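Undergrad: sequence plus predicted model, see below.
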Amino acid sequence: MPACYPDRRERDEPDWRVVEVVTDIARGLGCSPAQVGLAWVMRQPAVATTIVGVTTVEQLKVNLAASEIGLDADALQVLDTTGRRPLGFPYRLSSDSSPTGAEPVAGDCLPPGSYR
């Protein structure tokens, strides 16, 4: 484990929160978490295509059914908010949040100042 991740749980906590939210929404809709995840991705404005990996025809059918999942505005808002992550290197370098635009964010392993 790199030194910048002294506690893996701290690093992974946002990901586990997304899993909880997706699972809760799936229970409410009577579908699988994978279908909710695919339905969410399919509704992202910047996504032109969604790639699914399957090993059986049944998995393909289940994944394709995700296009029929009705995610309401509330579910999409919760998923968008929970799934949002700060942009990492190199995107944050153009940020106006600091004089250098180089505030460290989760996922970066460069020591502060080493990339200026």
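TA: Arrived safely.
Undergrad: ok, the residue nearest to A66 when sequence neighbours are not counted to P45 distance?
TA: The shortest distance from A66 to any non-neighbouring residue, by C-beta to C-beta, 6 or more residues apart in numbering, is to L38 (3.6 Å). Yep, even glycine has a C-beta here, placed from its N, CA and C like the rest. Distance of L38 to P45, given as C-beta to C-beta, to the nearest Å: 16 Å.
Undergrad: between those two, which is the more surrounded one?
TA: Shown here are L38 and P45; by other C-beta atoms under 10 Å, L38 has more neighbours (22 against 5).
Undergrad: element containing that one, please.
TA: According to DSSP states H and E, L38 maps onto helix 33-42.
Undergrad: buried ones in that helix?
TA: Judged by neighbour count using 16 or more other C-beta atoms under 10 Å, the buried positions of helix 33-42 are P33, Q35, V36, G37, L38, A39, W40, V41.
Undergrad: packing partners of it?
TA: Judged by 3 or more C-beta pairs under 8 Å, 6 or more residues apart in numbering; DSSP states H and E, helix 33-42 is in contact with helix 8-29, helix 57-64, helix 73-83.
Undergrad: give me the angle between that helix and helix 73-83.
TA: Counting by axes from the mean of the first three to the mean of the last three C-alpha atoms, to 10 degrees, helix 33-42 lies at 90 degrees to helix 73-83.
Undergrad: in the protein, which helix or strand is least confident?
TA: Least confident helix or strand, the chain: helix 8-29 with a mean of 87, by mean pLDDT, DSSP states H and E.
Undergrad: cool, thanks, talk later.
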